[in-house]
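**Q** Below are the sequence and a predicted model for it; my questions follow.
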Amino acid sequence: MTSFVVSPRADADIETLLEHLAEMAGPTVARRYALELDVTFERPTMFPASGARRKSLGPYSRIAVVSPYVIVYDHHDGEVVIVRVLDGCRNATRRVVRQ
């Protein structure tokens, strides 16, 4: 099984989105999304090439979806790095992902 790391930027994305969900939809919804994100982060460790490739975001970039959020991760040299967790309505460009 491949290991995974959550980047500081992705960690901040998650914190922001969970706070927003708790405020707007309630703590139960925020907890449900937190669990779903955790499960989705684990999936690439078992099947690292399962996410759709997005070379426009980086040479090793792939995505996974927890609607309406898009998880951008890199799979390279036996490691999965969760790079960003973005609202799916946002225009995800290399600049946004790699800032």
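**A** Received the coordinates, thanks.

**Q** make it CA atoms for all contacts and neighbour counts henceforth
**A** OK.

**Q** any idea of the mean pLDDT in stretch 86-99?
**A** Averaging pLDDT along stretch 86-99 yields 86.

**Q** meant to ask about stretch 3-14
**A** According to the model, stretch 3-14 has a mean pLDDT of 94.

**Q** what's the span of that stretch from first residue to last?
**A** 19 Å (CA to CA, to the nearest Å).

**Q** again, but for stretch 35-55
**A** 28 Å.

**Q** do you know how far the spatially most central residue of the chain is from residue 89?
**A** In the chain, the C-alpha nearest the mean C-alpha coordinate belongs to residue 71, at 2.5 Å (CA atoms, centre = their mean). To residue 89, residue 71 is 13 Å away according to CA to CA.

**Q** before we move on, what about residue 13?
**A** 15 Å.

**Q** Look at the two and report which has more neighbours.
**A** The neighbour comparison of residue 13 against residue 89 (other CA atoms under 10 Å) goes to residue 13, with 16 against 9.

**Q** any idea whether that one is helix, strand or coil?
**A** helix (DSSP: H, G, I helix; E, B strand; the rest coil).
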